[in-house]
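1. Can you look at this prediction? I've put the sequence above it.
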Amino acid sequence: MQASTKNNDVIVGTSRDGDFVLESQSLATDAGFKNVSQSWFDQTFPIESSIENLVA
């Protein structure tokens, strides 16, 4: 994996270790995430409601 400490650099993975997720689970593509498991995404909260909970 290529990584850098600069804010605008892109991290590019070279391994295929996470392919099992893409092959065996549905993805959250409808929400705009092509590499995120739908089962994980369903357990997340929108940032807006999370911020409201922190401020309250």
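-> Yes, it's here.
2. all contacts plus neighbour counts: C-alpha atoms, from now on.
-> Fine.
3. How about the contacts made by the residue most central in space within the chain?
-> For the chain, Val36 is the residue whose C-alpha lies nearest the centre (CA atoms, centre = their mean; 5.0 Å). Going by CA atoms under 8 Å, 6 or more residues apart in numbering, Val36 touches Leu27, Ala28, Thr29.
4. Please indicate which of those residues are buried?
-> Leu27, Ala28 (16 or more other CA atoms under 10 Å).
5. okay if I get the contacts of Val36 as a markdown table plus distance to Ile47?
-> Shown next, in a markdown table, are the contacts of Val36 (distance: CA to CA, whole Å):
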| residue | distance to Ile47 |
| --- | --- |
| Leu27 | 20 |
| Ala28 | 17 |
| Thr29 | 18 |
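6. taking the contacts of Val36 one by one, which sit in helices?
-> If you go by DSSP state H, the contacts of Val36 have nothing in helices.
7. And the contacts of Val36, which is closest to Thr44?
-> Nearest to Thr44 among the contacts of Val36, counting by CA to CA, is Ala28 at 11.5 Å.
8. shouldn't that closest one be in contact with Lys34?
-> Yes: counting by CA atoms under 8 Å, Ala28 does reach Lys34; the two are 6.3 Å apart.
9. how close does the residue nearest to the centre of the chain get to Ser50?
-> 20 Å (CA to CA, to the nearest Å).
10. Likewise for Gln38?
-> Distance, Gln38 to Ser50, by CA to CA: 19 Å.
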